[in-house]
Structure formats: structure tokens, C-alpha cells
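Peer 1: A structural model of the following input is requested.
(one chain, ligands or ions: 1)
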Amino acid sequence: MRIVNVDHLSKTYGHRFNRVVALNDLSFGIDAGEFVGVMGPSGAGKSTLLNLLATFDQPTTGGIWIDRVDLTTMSAADSARFRREDLGFIFQGFDLLNDLTVSANITMPLTFVPPVPTDLDARLQTVSELLGLTQLLTRFPLQLSQGQRQRVAAARAIITKPKLLLADEPTGSLDSLAATELLQYLAKINLETDVTIMMVTHDAFTASFCNRIIFIRDGAYFAEVTRQGSRQEFFNHIIDMEATINGGRRRRGGMDQA
Ligand SMILES: Nc1ncnc2c1ncn2[C@@H]1O[C@H](COP(=O)(O)OP(=O)(O)OP(=O)(O)O)[C@@H](O)[C@H]1O
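Peer 2: Purely as a prediction, here's the structure:
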């Protein structure tokens, strides 16, 4: 089943004399249960795309459907409810509330707007077990490592059982060990809860945890790479496609973080 449908999407910023075309007739789809990465050179339009899918902004032309809901015709109130109930977010900076315990941070999307679901405790237990956080629930964010904080953010993002989890450079603030661990957890979430994930990243190692990478350049669809064999092979394909998109310059180095 198709969960995301991006149809001839364009986004132009500015006016007559300083117009910037950030997205230019971009179309692609994501099926339920996929873990998709979006890559492309700086300025390709990745953040713009993420902002549109997140309902933070509206396209200039074209359509976006998430689970058959048309995002472009939603009222502001409906967008806010859709964001809260149907989308999950993981950003580079974890955005946790330092005065609240880990458990209060995780359950916040469900306690913020009443009614609080009756299965709140069960949901907290499920996501904290999934992300290895059960021993940390009474701590405060500042008592956690960076990697643990991002896992709390991931638990908070999935406790609402979102239709789509949007991740923007989720490993950007982590060292390579914590990054690898978080990516393994994201892959596990994808496998065990069936949540569909779309992750924007610059990094081929991070992208190699996805099942498919969509490459965009100059705001348009450029190519895609689907994982077929090992993660190492997928990583090599991603590096090759990055070289193609950058005009033939192959980056040196390997998947030595793995
Ligand atoms: N609010 C804005 N006003 C004007 N131009 C913008 C705005 N936001 C983005 N742009 C422009 O739109 C284009 C796409 O930007 P975007 O941030 O989506 O790219 P990106 O692929 O996320 O880049 P990066 O990898 O560097 O974060 C760029 O040329 C950028 O300068």
C-alpha cells in the first residue's frame, strides 16, 4: 500500500527578482513499511521537501498525500492535528524538555492534548523496551548520553503510532558509535512496528541502514537505489550514485564506522 504520494511537487521561494526554485516538479511514492532515505547535494531541496511533508509549509504547485490524506487542502487546525496524531519527528537536536523525566518526555505527545489514552502505560512500556530505555525512565535528559537522548526522542516520536516517521539528520549530533546504535534501533523500529520512515541525510553510512534511497538534485528527482544484497554493497551503490550526482567525483573511504 502506498503511504506517501508526492505528485509534481514544486516550491518556489521569494518573488519576481529573487525567486528560488527549491523543488521542481518532484514526484515519487513510498510504500507502507519502507525505510527510505532522501539524499542530494547541498541546496537540492531536501529540507524543503521534509518541511512540506511535515505540513510546516505549503507547496507552490503539486500534491502530497499521506495515507490518502491530501496535505495541500488542509486547514491550519487540521494540519496541527495531523502532525500530532499521524506524524512522528526525529531531528538532529533532540528537543527534549530538560525539566521533565525521560518517561514524561516520551509520553508528552499523548498527554499534551487530552484525552490521555487509557493504554498510555502499556505504550510507554512497549516503546521503552523497543529502544532499550526501561532502566532510564526516571532520569532527566541532562543525565543521559547524547545517544540515549536521541533514543528518547525516537521513543517519543513513535509512541503515537504515526503513519510516517520523518527523520532529519538524526545522527548529526552523535559520535559514530552512538550513530550506529541509533540507526540499528531505527531499523528495528521499522521492522518490528511496521512504521514507515523517511530520513534525510548527507551521509552514505547513515543512508545504508535504509531499504531505498531517493536522490534529488536541483529540486527534481534524479535517481534511486534499492538495497538488494548486503549493507556494504548498498553502501557502495550509494557512494557511486553520490559520485554520479556530483559529476563523477567518487568520495574516498569505506564503511569503516560499521
Ligand atoms: N526560506 C527560504 N527562502 C528562500 N530560499 C530558500 C528558503 N529555504 C530554502 N531556500 C533555498 O531553496 C533551495 C533548497 O534549499 P533546501 O534547504 O531545501 O536544500 P537542502 O537540500 O536541504 O540543502 P542542505 O543539504 O544544504 O541542507 C536552496 O537554494 C535554498 O537556498
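
Peer 1: Please report the distance of the residue positioned nearest the centre of the chain from residue 153.
Peer 2: Of all residues in the chain, the one closest to the mean position by C-alpha atoms, centre = their mean is residue 167, 2.0 Å from it. Using C-beta to C-beta, to the nearest Å, one obtains 10 Å as the distance from residue 167 to residue 153. Glycine gets a C-beta too; all of them are placed from N, C-alpha and C.

Peer 1: list the residues that contact both of these two?
Peer 2: 90-91 (C-beta atoms under 8 Å, 6 or more residues apart in numbering).

Peer 1: The ligand versus residue 81, what's the distance?
Peer 2: Residue 81 sits 25 Å away from the ligand, taking C-beta to the nearest ligand atom, to the nearest Å as the criterion.

Peer 1: which residue does the stretch 151-258 of the chain bring closest to the ligand?
Peer 2: Closest approach between the stretch 151-258 of the chain and the ligand, counting by C-beta to the nearest ligand atom: residue 202, at 6.1 Å.

Peer 1: That residue and residue 169 touch, don't they?
Peer 2: Yes. In this structure residue 202 lies within contact range of residue 169 using C-beta atoms under 8 Å: 7.0 Å.

Peer 1: tell me which parts of the protein are close to the ligand?
Peer 2: 13-14, 20, 22, 40, 42-48 (C-beta under 6 Å from any ligand atom).

Peer 1: Just the ones in helices from these, please.
Peer 2: Here DSSP state H is the test, and those give 46-48 as lying in helices.

Peer 1: of those, buried ones?
Peer 2: 46, 48 (16 or more other C-beta atoms under 10 Å).

Peer 1: In TSV, list the ones in helices among the residues of the chain next to the ligand along with pLDDT.
Peer 2: TSV is the format used below for these (pLDDT from 0 to 100):
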residue	pLDDT
46	96
47	93
48	96
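
Peer 1: Quick one: classify the residue of the stretch 151-258 of the chain closest to the ligand as helix, strand or coil.
Peer 2: coil (DSSP: H, G, I helix; E, B strand; the rest coil).

Peer 1: And it, its phi and psi?
Peer 2: Phi and psi for residue 202, reported as degrees, to the nearest 10, are phi -90, psi -10.

Peer 1: for it, what are its contacts?
Peer 2: Counted by C-beta under 8 Å, 6+ apart, residue 202 has contacts 39, 42, 169.

Peer 1: Could you list the low-confidence segments of the chain?
Peer 2: 248-258 (pLDDT under 70).

Peer 1: now the strands for it?
Peer 2: 2-13, 20-31, 35-39, 61-66, 69-70, 87-90, 164-168, 196-200, 212-217, 220-226 (DSSP state E).

Peer 1: Summarise which helices and strands the fourth one is packed against.
Peer 2: Right, strand 61-66. strand 2-13, strand 20-31, helix 46-53 (3 or more C-beta pairs under 8 Å, 6 or more residues apart in numbering; DSSP states H and E).

Peer 1: got the angle between the first one and strand 20-31?
Peer 2: Right, the one you point to is strand 2-13. Relative orientation of strand 2-13 and strand 20-31, computed by axes from the mean of the first three to the mean of the last three C-alpha atoms, to 10 degrees: 180 degrees.

Peer 1: repeat for the shortest one
Peer 2: Here helix 46-53 runs at 60 degrees with respect to strand 20-31, directions being taken by the same axes, to 10 degrees.
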